[in-house]
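Visitor: Need a 3D model of the following:
(chains A and B)
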Amino acid sequence: MDAEQYQSIEQQITPPTPYLKNVLKAFLIGGIICTIGHAITYFYIIFFDFTEKTSGNPTVATMVLIAAILTGLGLYRKLGQFAGAGSAVPVTGFSNAVVSAAIEGRTEGLVLGVGSNIFKLAGSVILFGVFSAFFVALIKLILVSVGVVEW
Amino acid sequence: MVIVFQSKPSILACGAVAGPLEKKSVFYSYFDSVVDDERWGQKTNEQGHSKMIQEACDIVMQKANIKNLDVDFFLSGDLVNQMTPTNFAAREIAVSFIGMFSACATSVSSVIVASLLTELGASQHAIAGASSQHNSVERQFRYPINYGGPKPATAQWTVTAAGYALIGKHNPKYPSIVAATVGKVIDYGQTDPLHMGGAMAPAAYDTITNHLKKRNQKITDYDLIMTGDLGKIGLKILKAMFAQTGTKQQELQLFRDAGAEFYGEDESFLAGASGAGCSAAVYYSYIDQQLKSGRYKKVLLVATGALLSPLSFQQGESIPCTAHAIEITIE
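Guide: Sure thing, here's the model as predicted:
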């Protein structure tokens, strides 16, 4: 049996990725997470002195905290297995990536363990996030200066 | 390469220990000890891993009623970088030690070397086996334990378990190793590290067919051919490979896989169990006891191993795999 023959057998038996099911689950859970986020935004607007524009920061901080606690309790992992991108894409997923790496590095000490591993997974998100934000800002600056859009 | 052991070294005692999640295993009742703390009361996962190996070896020595001083060789391996859990356990056991790495196939490759040393007359008692501890292996090969990345249906769960066997001179009361096949490294270009069964099945196929051919045997000469950790999907692929080359459905029923059966039908473990401790803990508890009870007379144990590292995968290399087999009989 050669590699090509084998691959056809292997592909026949390996279950295909259920894309539609994954997308629906991600939509559902991702939507629920964002709805919770929105409820928290309203909470800060109604009960504290925040506006729609300024309530973003405390909302993100709260969501990150909740995800961090769920990660520590080992629950975010279980959510992620079900939700896929639905729990990975929101800011809670970023929190999970940072906190899970930090917990893992704890046994190697605070500096060499937690410090140098904390951004092991999230580091590339930060790098490419900042990088692409720079270019998006640059494009907007050009568009504003030629008068196509306003700030 | 097939080795025939004229002196038929015997498995004089076995020890298998497992972690808390392994209480869900269908083989649970065959394990000698199952702990509630996956770190075995130690500070780190890796120390717990080491402690687990020591405990399994202690059980082996207790059962055979021997002490460290009576053991000539310790042959063992695990999946952590540089195999420190095994090395540190060997420091405590304090006998002549060779660390062996065949990934998850170490459970059998270590027993092959122990049998050779016994056949040579260099060893009266050799402890051989392998182990894996979920947390310390996952963090090295994949993501942090609590990272919420979803795994596909083909992924397997690394077990926390250790299985060791005491290999000594032939004794008709015990299961004996009559032959072994040292596997080649087979690579069919599979690249998905979350589909190990698909990568390893060709290696198992190669080793089994070679063993049967060189030994001039048929599948039906065995009561059981058990692979190590192909998982549910990998086992199906292996059976499909044999079916395509004319093996009958009836004969295919003799094929089983320790990883596919380990956690039963529990779907949260996806395609089943994996890890060096998976095949070791099943072979050196359940299979040993089935042989002694007379349910099986002749079995072929084929441990499979994927010889990749996170680095090789990231560099775009395919996954080379191997499988080692031992033919065990009881009179």
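Visitor: pLDDT wise, what is residue B:75 at?
Guide: Residue B:75 carries a pLDDT score of 98 in this model.
Visitor: ok, whichever residue of chain B sits closest to chain A - contacts?
Guide: Going by C-beta to the nearest C-beta, chain A is nearest to residue B:148 of chain B, at 2.3 Å. Every C-beta, even on glycine, is put in place using the N, C-alpha and C of the backbone. Residues near residue B:148 by C-beta atoms under 8 Å, 6 or more residues apart in numbering or on different chains: A:71, A:76-77, A:79-81, A:83, A:87-88, A:93, A:96, A:100.
Visitor: Excluding chain neighbours, what is closest to residue A:103?
Guide: residue B:146 (6.0 Å; C-beta to C-beta, 6 or more residues apart in numbering or on different chains).
Visitor: repeat for residue B:21
Guide: Residue B:21 sits nearest to residue B:160 (C-beta to C-beta, 6+ apart), 6.6 Å away.
Visitor: where does chain A dip in pLDDT?
Guide: Within chain A, no range satisfies pLDDT under 70.
Visitor: ok so the residue of chain B closest to chain A is a strand residue?
Guide: No. Under the criterion used here (DSSP: H, G, I helix; E, B strand; the rest coil), residue B:148 is coil, not part of a strand.
Visitor: Quick check, pLDDT for it.
Guide: So residue B:148 comes in at 93 (pLDDT).
Visitor: What is the burial count for the nearest residue to it once chain neighbours are set aside?
Guide: Closest residue to residue B:148 apart from its sequence neighbours, by C-beta to C-beta, 6+ apart: residue A:80 at 2.3 Å. Residue A:80 sits with 26 neighbouring residues when counted by other C-beta atoms under 10 Å in any protein chain shown.
Visitor: and residue A:80, what is it in contact with?
Guide: A:87-88, A:93, A:96, B:147-150.
Visitor: Output those in TSV; the columns should cover distance to residue A:46.
Guide: Formatted as TSV, the contacts of residue A:80 follow (distance: C-beta to C-beta, whole Å):
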residue	distance to residue A:46
A:87	27
A:88	30
A:93	27
A:96	28
B:147	35
B:148	31
B:149	36
B:150	36
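Visitor: What is the nearest of these to residue A:19?
Guide: residue B:150 (12.7 Å; C-beta to C-beta).
Visitor: Name the nearest residue to the closest one, ignoring sequence neighbours.
Guide: residue A:84 (4.4 Å).
Visitor: which residues touch the one you found?
Guide: A:22, A:25-26, B:150.
Visitor: With neighbour count, distance to residue B:54 and secondary structure as extra columns, can I get these in TSV?
Guide: As requested, the contacts of residue A:84 are arranged in TSV below (neighbours: other C-beta atoms under 10 Å in any protein chain shown; distance: C-beta to C-beta, whole Å; DSSP: H, G, I helix; E, B strand; the rest coil):
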residue	neighbour count	distance to residue B:54	secondary structure
A:22	16	43	helix
A:25	18	43	helix
A:26	19	45	helix
B:150	19	36	coil
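Visitor: Now distance to residue B:291 too, for those, in TSV please.
Guide: Compiled in TSV, the contacts of residue A:84 are given as follows (distance: C-beta to C-beta, whole Å):
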residue	distance to residue B:291
A:22	44
A:25	46
A:26	49
B:150	40
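Visitor: any idea which element the closest residue to chain B within chain A lies in?
Guide: In chain A, no residue comes nearer to chain B than residue A:80, which is 2.3 Å away by C-beta to the nearest C-beta. Using DSSP states H and E, the element containing residue A:80 is helix A:75-83.
Visitor: Convert that helix to PDB, retaining C-alpha atoms only.
Guide: Extracted C-alpha coordinates of helix A:75-83, given in PDB (Å, rounded to 0.1, in the frame of the first residue of the first chain):
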ATOM      1  CA  LEU A  75     -14.700  25.600  33.100                       C
ATOM      2  CA  TYR A  76     -13.600  27.800  30.200                       C
ATOM      3  CA  ARG A  77     -11.900  24.800  28.600                       C
ATOM      4  CA  LYS A  78     -15.100  22.900  28.600                       C
ATOM      5  CA  LEU A  79     -17.000  25.900  27.100                       C
ATOM      6  CA  GLY A  80     -14.300  26.200  24.400                       C
ATOM      7  CA  GLN A  81     -14.700  22.500  23.400                       C
ATOM      8  CA  PHE A  82     -18.400  23.200  22.700                       C
ATOM      9  CA  ALA A  83     -18.300  26.800  21.400                       C
END
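Visitor: so after that helix, what's the next helix or strand?
Guide: Along the chain past helix A:75-83, the next helix or strand (assigned with DSSP H and E) turns out to be helix A:85-88.
Visitor: And the contacts of that following helix?
Guide: With C-beta under 8 Å, 6+ apart, helix A:85-88 has contacts from A:22, A:25-31, A:33, A:76, A:79-80, A:93, A:96, B:148-149.
Visitor: can you give me the helices in chain B?
Guide: B:45-64, B:84-93, B:106-120, B:134-141, B:196-214, B:231-244, B:249-252, B:258-262, B:276-281, B:288-292, B:310-314 (DSSP state H).
Visitor: right, so the ones you listed: which one is the most enclosed?
Guide: Ranked by mean neighbour count, those are led by helix B:276-281 with a mean of 36 (mean count of other C-beta atoms under 10 Å in any protein chain shown).
Visitor: how far is it from where the chain is centred?
Guide: In terms of C-alpha atoms, centre = their mean, to the nearest Å, the centre of helix B:276-281 is set 4 Å apart from its chain centre.
Visitor: Quick check: which helices or strands does it pack against?
Guide: Applying 3 or more C-beta pairs under 8 Å, 6 or more residues apart in numbering or on different chains; DSSP states H and E, we find helix B:276-281 packed against strand B:10-18, helix B:106-120, strand B:125-132, strand B:161-168, helix B:258-262, strand B:298-306.
Visitor: Turn these into CSV, including mean pLDDT.
Guide: Formatted as CSV, these follow (pLDDT from 0 to 100):
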stretch, mean pLDDT
strand B:10-18, 98
helix B:106-120, 98
strand B:125-132, 98
strand B:161-168, 98
helix B:258-262, 97
strand B:298-306, 98
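Visitor: okay, now the domains of chain B?
Guide: B:2-168, B:176-329 (automatic domain parsing).
Visitor: Any chance of CSV for those domains, columns distance to residue A:116?
Guide: Output for those, formatted as CSV (distance: least, C-beta to C-beta, whole Å):
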stretch, distance to residue A:116
domain B:2-168, 14
domain B:176-329, 17
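Visitor: Relative to residue A:61, which of these is closest?
Guide: When those are compared by C-beta to C-beta, domain B:2-168 sits nearest residue A:61, at 19.5 Å.
Visitor: Distance across that closest one, terminal residue to terminal residue?
Guide: 20 Å (C-alpha to C-alpha, to the nearest Å).
Visitor: now swap in stretch B:283-290 and tell me
Guide: Distance across stretch B:283-290, first residue to last, is 10 Å (C-alpha to C-alpha).
Visitor: for that stretch, what is the average pLDDT?
Guide: On average, stretch B:283-290 scores 98.
Visitor: what's next to it, contact-wise?
Guide: Outside stretch B:283-290, the residues touching it (C-beta under 8 Å, 6+ apart) are B:11, B:14-16, B:27, B:30-32, B:107-108, B:129, B:163-165, B:175, B:224, B:226, B:258, B:296, B:299, B:301, B:303, B:328.
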